[in-house]
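J.: Fold the following and give me the result.
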Amino acid sequence: MTRIGMVTGIALFHGPAFGALLHHRRDRDAWAAAGFWEPGVDPIEGVEITGVYDQNREAAEKLVALLPGAWVADRPDDLLGHVDGILIADDGTQQHQKYAEPFLRAGIPTFIDKPLSRDWREAASILALAEELGTPCMSSSALRYAREVDEAWEQIEAVSPIKLALAVGPNELIYYGIHPAELMHRVLGPGVLSVHNVGRERLNVVRLAYADGRMGVLCVSEEIGYVFELRLYGEKGAVTVAVNDAAAFYRNLLAAVIGMVRTGIPPIPYSSTLEVIKILDGAKRSLATGLPVELPLMD
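T.: Numbers count the residues shown, from 1 in each chain. Okay, here's the model as predicted:
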C-alpha cells in the first residue's frame, strides 16, 4: 500500500478532489453527502491517505472523517516518517510551495500543485534543491494529462509537423494561465526563446517564439467563460482539442504522481517544469513593459 500525506488545500477544491481519487476506500455516497465533488471514477488502486494537514483544522477533520485510517496532523512535519509520498495542494494563496522543503530534505517524493511559483527564481530554487538532494519532485497543471489530448494524438501526428499553436483559458494569467500553458507545452514541448504579451490587463495575448521557428499564442482572459482549448496548425491541416473531462485529467495527473512515488522517477523533466513558469512569469513582465522577454535572459 502506497501511503500518501496531504498538506494544505483541503478547504478548497483540489484537496478533497485529490482525496477522492487517491484513497482506495472512498464511500461515494458519503463523499457526495459531505458536499465534496464526486468524480464518478474509481480511486487509484493501492493508495491510502494516511495523514492530512491544513491550516483550517475543521476542513481537515471533515475530510479525514471520510478517509478510513487517516489522521489530522497538528503540523506538516508530523507527517514525516508516516508517508511514502507527499501531495501539497493549491490552497489559493499561491504560497503552498513553501511547505515543500522539509519533505524534500527528508527524501520524500513530493508533488507541488500548480503553480509551482509565480516567480521563476523561486521555482528554480525548489527544483534545484530537489535535484541536489536526489528527491523526486513534480509540479504540473492537471491539463498536461488531459484525456482529450491522448485521444487526439493520432490526429495531431497526422497534421504534423505543428507550426503554430493557440491555447486558450480563463482567469488570471499565472494562477490559471498555467492550465493552457501546460496544455500547449505537452504537445509542443520545450524550446521557447521569448514571450511577448501584446494584450492588456485581464486579457492576455502572449506570443511564444520557439528556437526552431514555431510560434505559440497563449490567450488567458478574466473576461471569458470557463473554457480550455488547444488549436494546432500543422503542414497537413489543423486539430482542435477542447478539454472538458476533469475527472480524467485529475486522475491521470495523480496516477503520474503515484508512479513517481513508487519508482522514484519524476515524470516531467525539471527543465520543462521551469520553462512553463518562465513563460508565465515572462508574460507578466512583458505586459508591464510592453516589450518581449527572452527566457534565457530572465533575471
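J.: Let me see the domain layout of this protein.
T.: Taking automatic domain parsing as the criterion, the chain consists of the domains 2-113, 143-247+277-297.
J.: for the shortest one, the distance to its chain's centre please.
T.: In terms of C-alpha atoms, centre = their mean, to the nearest Å, the gap separating the centre of domain 2-113 from the centre of its chain is 16 Å.
J.: Start the count at 20 instead of 1 going forward.
T.: Sure, I'll start numbering at 20, so the last one becomes domain 21-132.
J.: so how far does it reach from one end to the other?
T.: Terminal residues of domain 21-132 are spaced 19 Å apart (C-alpha to C-alpha, to the nearest Å).
J.: repeat for the longest one
T.: Start to finish, the residues bounding domain 162-266+296-316 are 28 Å apart (C-alpha to C-alpha).
J.: Could you list which residues are in contact with the nearest residue to Ala230 once chain neighbours are set aside?
T.: Distances taken as C-beta to C-beta, 6 or more residues apart in numbering place Gly210 nearest to Ala230, at 4.8 Å, with adjacent residues excluded. Bear in mind the C-beta positions are built from the backbone N, C-alpha and C, glycine included. Counting by C-beta atoms under 8 Å, 6 or more residues apart in numbering, Gly210 makes contact with Tyr229, Ala230, Asp231, Arg233.
J.: Okay, the third one and Glu313: tell me how far apart.
T.: Pointing back at Asp231 there. 16 Å (C-beta to C-beta, to the nearest Å).
J.: what's the answer for Pro180, then?
T.: Distance from Pro180 to Glu313, by C-beta to C-beta: 24 Å.
J.: For those two, indicate the residue with more neighbours.
T.: Under the criterion of other C-beta atoms under 10 Å, the comparison of Pro180 against Glu313 puts Glu313 first, with 14 against 10.
J.: Could you find the closest non-adjacent residue to that one?
T.: Glu313 sits nearest to Ser213 (C-beta to C-beta, 6+ apart), 4.7 Å away.
J.: Kindly confirm my reading that that neighbour is in a helix.
T.: No: the assignment for Ser213 by DSSP: H, G, I helix; E, B strand; the rest coil gives strand, which leaves it out of any helix.
J.: I'd like the contacts of Gly210 as TSV, with neighbour count, secondary structure and pLDDT appended.
T.: Output for those, formatted as TSV (neighbours: other C-beta atoms under 10 Å; DSSP: H, G, I helix; E, B strand; the rest coil; pLDDT from 0 to 100):
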residue	neighbour count	secondary structure	pLDDT
Tyr229	17	strand	97
Ala230	11	coil	96
Asp231	10	coil	96
Arg233	17	coil	98
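J.: quick one: which two of those residues are the most distant?
T.: Ala230 and Arg233 (8.6 Å; C-beta to C-beta).
J.: Start from the N-terminal end of the stretch 170-318 of the chain and give the helices.
T.: Taking DSSP state H, counting those that start in this stretch to define them, one finds helices in the stretch 170-318 of the chain at 197-207, 265-282, 289-308.
J.: mind checking which of the domains of the chain is nearest Gly153?
T.: The nearest among the domains of the chain, by C-beta to C-beta, is domain 21-132 at 7.6 Å.
J.: For stretch 131-150, measure first residue to last.
T.: Note: stretch 131-150 ends 15 Å apart using C-alpha to C-alpha.
J.: Go ahead and flag the most central residue of the chain.
T.: Ser160 (2.1 Å; C-alpha atoms, centre = their mean).
J.: Read off the pLDDT value for that residue.
T.: Ser160 is assigned a predicted lDDT (pLDDT) of 98.
J.: Please state the backbone phi and psi of it?
T.: phi -70, psi 150 (degrees, to the nearest 10).
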